[in-house]
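Participant: Pasting the sequence and the predicted model now:
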Amino acid sequence: MSEVTESEALATLHRVFGYDAFRGEQEAIIEHVVSGGDAVVLMPTGGGKSLCYQIPALVRPGTGVVVSPLIALMQDQVDALRALGVRAGFMNSTQDFDERRTVEAEFLAGELDVIYLAPERLRLDSTLDLLSRGKISVFAIDEAHCVAQWGHDFRPDYLSLSVLGQRWPDVPRIALTATATHATHQEITQRLGMPDARHFVASFDRPNIQYRIVGKSDPKKQLLTFLKQEHEGDAGIVYCLSRKSVEATAEFLCRNGIEAVPYHAGLDAGTRARHQSRFLREEGLVVCATIAFGMGIDKPDVRFVAHLDLPKSVEGYYQETGRAGRDGLPSTAWMAYGLQDVVQQRKLINMGEGDEAFRRRAASHLDSMLALCETVQCRRAQLLTYFGQEGAQACGNCDTCLTPPETWDGTVAAQKILSTVVRLDRERRQKFGAGQIIDILLGKRTAKVIQFDHDQLSVFGIGDELSENEWRGVVRQLLAQSLIAVEGEYGTLVLTEDSASVLGRQREVLLRKEAPKPAAARAARGERKAKTVAAELPEELVPAFEALRSWRGAQAKENGVPAYVIFHDATLREIVLQRPTSLAQLGTIGGVGEKKLATYGEGVLAVLAGHDGSGPQATGGEQEAEPEPDFGPEPDMEDVDW
């Protein structure tokens, strides 16, 4: 790329987006695409992927065509670009005939810099014909992992996108995703027909996100404590496995003073759209959702992502937690994880649709997720290793770094579990789940134990050295290490090929030590308090920051756009730190481009002039959470959003 074009790209970055320099691989990617080359880009959420196609679309002649699966978000994406002075539009099924005709006319007249299309529209001859009659600068295929048939967000319509390279061989294509293993990376390249593409793989590290996984005891109450103590008033996402759990969690949070809305595929389209719109536009709203929610959400100030159920894969976990902290400010990825999560996920795999190869792949994905949950090493380093980024050092900002877990020799405990399974099978021809086996080991004469004469087994009562919670941890970790397996509809425990080596004293079993429940609750209280944006500022600057947020909220409401479209929290933070007193000074702050400076500059300066560093602060309250059993009811299979 010539020096003139390089200067033009950098000038566009400053003029439109308000930044003085590219980050990481952005410059190399943009240079390659502007020069006409194809690119496959793997870059974490919040790493600046959108600039990698938006600037080529602005610098190269013609209109950039962005293929995005996110119809519900296209309007917000276009609004955000228009706020920057970019001529943007979209075409999807939500528009009426006249709206589509207007966008088509703008495209053909060369009056659009960027146009967003859903992948299914590119299967229509009418859309391909329209594109053939205009001038295209670049094709951007966003969320490119949707093309991977083994992936967690597979979209069949993506398989037809190889037509872009066949029909427009001289137009550069850039495929982008925030998460992909090496296998998915190769599948993207193959299925999109991009054999000559240059590959750019940025670091998968999100250092501003603190990863934490806690033992599940009373998950809704644990979540409430986490939110009240660390993220009061923050926007965030809570992921649950089933629709019923989503509804119950949202209702529970609302009863306890935290404004929350549900989002899942069982809600009508209008309700889902309203809840998504509220999340994007309102400050501090919590969305409780299945994995149907969140892909492509461009809300920068999501301060936490919580999981009340175990994700099916590390890819899914990384993609979902990556929706936190897109603005680079401190955020938390928090998950409650217990024995029933492991049992339930194993059952879903065994009972799910798909052939044996699919079940093996799903089991492999789950094994990797379990390894992340059970590791005694740095979680961030293990995440990075999973995505092929070897040699990462301990981060010092995850739970295993901040509070290193203890380990213990669990070989004898494992033998007791396995021996109980053996005796039930061989002596009684019976199979039971973890609860019954633990009751036997603890010597509990429950109705079920008495009914089946299990108090007569030689293993009855031999496990009183551990508590019930500790035995659950042993079973969970044996499942994670494939030393025991789940079988059938009722989740009974059976031996595996590796069980014999433990029973035969040929293999040592090292386990994480389970924290006692009361100690776990106390340890969480304020010990790893997540820093809010305001908390990071000097106390005297907080009133000005909050005043700017209030002003931004009013502007957003007046313009009918999310608050972050006006300015990100990170930009407001920089403004109060720099305290500009003129438009020229304000224009030097990152995120303040020419269009925003002209539109909002005087308003920002007026707010700053009215604050001298003193003012009020915000507060909130709590109710008692109702108890919930550890195991809990299993979700109806039809209730699970796949």
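Facilitator: Arrived safely.
Participant: Can you get me a residue count around Ala269?
Facilitator: A total of 10 residues lie near Ala269 under the criterion other C-beta atoms under 10 Å. Every residue, glycine included, has its C-beta placed from N, CA and C.
Participant: so which strand or helix has the nearest residue to Gly443 once chain neighbours are set aside?
Facilitator: Using C-beta to C-beta, 6 or more residues apart in numbering and skipping residues adjacent in sequence, the residue nearest Gly443 is Gly461, 2.9 Å away. Counting by DSSP states H and E, no helix or strand carries Gly461.
Participant: Can you report phi and psi for Gly461?
Facilitator: phi 80, psi 10 (degrees, to the nearest 10).
Participant: what's near enough to touch it?
Facilitator: If a contact means C-beta atoms under 8 Å, 6 or more residues apart in numbering, then Gly461 has Ile440, Leu441, Leu442, Gly443 as its contacts.
Participant: measure it to Ile440 for me?
Facilitator: From Gly461 over to Ile440 the distance is 8 Å, taken as C-beta to C-beta, to the nearest Å.
Participant: Who does Leu510 form a beta bridge with?
Facilitator: Asp409 (DSSP bridges).
Participant: Kindly provide the distance from it to Phe200.
Facilitator: 39 Å.
Participant: quick one: which of these two has more around it?
Facilitator: Neighbour count, other C-beta under 10 Å: between Leu510 and Phe200, Phe200 has more, with 19 against 12.
Participant: Model confidence for Trp293, exactly?
Facilitator: Careful, residue 293 is Phe; it's not Trp. Reported pLDDT at Phe293 in the predicted model: 77.
Participant: mind listing the strands for the stretch 151-300 of the chain?
Facilitator: 173-177, 198-201, 209-215, 235-239, 260-263, 286-289 (DSSP state E, counting those that start in this stretch).
Participant: In TSV, list these along with distance to Gln166 and mean pLDDT.
Facilitator: What follows is these, written out as TSV (distance: least, C-beta to C-beta, whole Å; pLDDT from 0 to 100):
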stretch	distance to Gln166	mean pLDDT
strand 173-177	11	93
strand 198-201	20	91
strand 209-215	40	94
strand 235-239	38	96
strand 260-263	38	95
strand 286-289	37	95
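Participant: Spatially nearest residue to Leu285 (excluding sequence neighbours)?
Facilitator: Per C-beta to C-beta, 6+ apart, closest to Leu285 is Phe279, 5.3 Å.
Participant: ugh, wrong one, Val286
Facilitator: Counting by C-beta to C-beta, 6+ apart, the residue nearest Val286 is Ala260, at 4.1 Å.
Participant: Can you report how many residues neighbour the one you found?
Facilitator: Here the number of neighbours of Ala260 (other C-beta under 10 Å) works out to 21.
Participant: Contacts only, for it.
Facilitator: By C-beta under 8 Å, 6+ apart, the neighbours of Ala260 are Val238, Thr249, Ala250, Leu253, Cys254, Leu285, Val286, Val287, Cys288.
Participant: If you rank those residues by neighbours, which is first?
Facilitator: For the contacts of Ala260, neighbours tallied by other C-beta under 10 Å; top is Cys288, 29 neighbours.
Participant: Would you mind naming the residues that bridge with that residue?
Facilitator: Val238, Pro262.
Participant: just checking, it touches Cys254?
Facilitator: No - in this structure, Cys288 is not within contact of Cys254 by C-beta atoms under 8 Å, at 9.8 Å.
Participant: Counting by contacts, list what the helix or strand that Gly601 is a member of packs against.
Facilitator: Secondary structure from DSSP H and E places Gly601 in helix 594-609. Helices and strands touching helix 594-609, as assessed by 3 or more C-beta pairs under 8 Å, 6 or more residues apart in numbering; DSSP states H and E, comprise helix 74-83, helix 542-559, helix 569-578, helix 583-586.
Participant: as a whole number, average confidence for it?
Facilitator: On average, helix 594-609 scores 93.
Participant: Going by neighbour count, which residues of that helix are buried?
Facilitator: In terms of neighbour count (16 or more other C-beta atoms under 10 Å), helix 594-609 has its buried residues at Glu594, Lys595, Lys596, Leu597, Thr599, Tyr600, Gly601, Val604, Leu605, Val607, Leu608.
Participant: Off-centre distance for that helix?
Facilitator: Relative to its chain's centre, helix 594-609 lies at 33 Å (C-alpha atoms, centre = their mean, to the nearest Å).
Participant: What of stretch 575-583?
Facilitator: With C-alpha atoms, centre = their mean, you get 34 Å for stretch 575-583.
Participant: got it, and stretch 156-176?
Facilitator: 27 Å.
Participant: Dump that stretch to CSV, restricted to CA.
Facilitator: Extracted C-alpha coordinates of stretch 156-176, given in CSV (Å, rounded to 0.1, in the frame of the first residue of the first chain):
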residue,chain,number,x,y,z
PRO,A,156,-26.4,-22.8,7.4
ASP,A,157,-26.7,-19.6,5.3
TYR,A,158,-23.0,-18.9,5.8
LEU,A,159,-22.2,-21.9,3.7
SER,A,160,-23.3,-20.1,0.6
LEU,A,161,-21.0,-17.1,1.1
SER,A,162,-18.2,-18.6,-1.0
VAL,A,163,-20.2,-17.2,-3.9
LEU,A,164,-18.8,-13.7,-3.1
GLY,A,165,-15.3,-14.7,-4.1
GLN,A,166,-16.6,-16.5,-7.2
ARG,A,167,-18.8,-13.6,-8.4
TRP,A,168,-16.5,-10.7,-7.3
PRO,A,169,-13.0,-12.1,-7.5
ASP,A,170,-11.4,-8.6,-7.5
VAL,A,171,-13.2,-7.4,-4.4
PRO,A,172,-11.2,-8.1,-1.2
ARG,A,173,-12.9,-10.2,1.5
ILE,A,174,-12.3,-10.1,5.2
ALA,A,175,-13.7,-12.8,7.5
LEU,A,176,-13.7,-11.9,11.2
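Participant: so where's the stretch 451-600 of the chain shaky on pLDDT?
Facilitator: 515-535 (pLDDT under 70).
Participant: run the last query once more with 50
Facilitator: 518-531 (pLDDT under 50).
Participant: how close does the residue nearest to Val286 get to Val305?
Facilitator: 14 Å.
Participant: Report the set of residues contacting both of those two.
Facilitator: Val238.
Participant: Please identify the buried residues of stretch 117-131?
Facilitator: Leu117, Ala118, Pro119, Glu120, Arg121, Leu122, Thr127, Leu130, Leu131.
Participant: how far away is the fifth one from Arg82?
Facilitator: It refers to Arg121. According to C-beta to C-beta, Arg121 stands 21 Å off from Arg82.
Participant: Then the third one?
Facilitator: Using C-beta to C-beta, one obtains 23 Å as the distance from Pro119 to Arg82.
Participant: Next: the second one.
Facilitator: In this view, Ala118 and Arg82 are 19 Å apart by C-beta to C-beta.
Participant: Could I get the pLDDT score of Thr154?
Facilitator: Slight slip there: residue 154 is Phe, not Thr. We note a pLDDT of 65 for Phe154 in this prediction.
Participant: Same check on Glu315?
Facilitator: Glu315 carries a pLDDT value of 86.
Participant: And for His231?
Facilitator: 95.
Participant: Once you drop chain neighbours, what's closest to it?
Facilitator: Ranked by C-beta to C-beta, 6+ apart and with sequence neighbours excluded, the top spatial neighbour of His231 is Phe304, at 4.9 Å.
Participant: Work out the sheet partners of the strand or helix carrying that neighbour and label each with its direction, please.
Facilitator: Element membership of Phe304, judged by DSSP H and E, is strand 302-307. The strands beside strand 302-307 in its sheet (DSSP bridges) come out as strand 235-239 (parallel), strand 331-337 (parallel).
Participant: and the angle for that strand with helix 569-578?
Facilitator: In terms of direction (axes from the mean of the first three to the mean of the last three C-alpha atoms, to 10 degrees), strand 302-307 departs from helix 569-578 by 140 degrees.
Participant: contacting residues around strand 302-307?
Facilitator: Against strand 302-307 from outside (C-beta under 8 Å, 6+ apart): 223, 226-227, 230-231, 234-239, 317, 320-321, 323-326, 329-337, 530, 532.
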